[in-house]
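A.B. asks: Predicted model and sequence below, questions to follow.
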Amino acid sequence: MKKDLMDILACPICKGDLVLNISKEDEKEIISGTLYCSKCDEYFPIEDGIPNMLPPDLRE
């Protein structure tokens, strides 16, 4: 996931702002981490550079 995506990403539940927490990154993109919505108190994982923006009840 590129950091520039943070300009357009919003919480899929409430459309609120997301906070990026990076666990692993390289010089081009974020490899793993989380996106956090403080309004919903929900975390959305970033795995292999792909943010999983599905609501928690629809994730596997």
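C.D. replies: Happy to help now that I have it.

A.B. asks: What is the three-state secondary structure of the residue lying farthest from the centre of the chain?
C.D. replies: Largest separation from the mean C-alpha position in the chain: Glu27, at 18.4 Å (C-alpha atoms, centre = their mean). When classified by DSSP: H, G, I helix; E, B strand; the rest coil, Glu27 comes out as coil.

A.B. asks: can you check the one 4 residues further on too?
C.D. replies: At Ile31 the chain is in strand, as set by three-state DSSP.

A.B. asks: check contacts around it.
C.D. replies: Residues in contact with Ile31 (C-beta atoms under 8 Å, 6 or more residues apart in numbering) are Ser23, Lys24, Glu25, Ile46, Asp48, Gly49. Where you see a C-beta, it was placed from the backbone N, CA and C, and this is true even at glycine.

A.B. asks: By neighbours, which of these wins?
C.D. replies: Among those, Ile46 has the most neighbours (other C-beta atoms under 10 Å), with 24 neighbours.

A.B. asks: Which strand or helix spans it?
C.D. replies: Element membership for Ile46 (DSSP states H and E) is strand 42-47.

A.B. asks: now that strand: how far from the chain's centre is it?
C.D. replies: Computed by C-alpha atoms, centre = their mean, to the nearest Å, the separation of strand 42-47 from the middle of its chain amounts to 5 Å.
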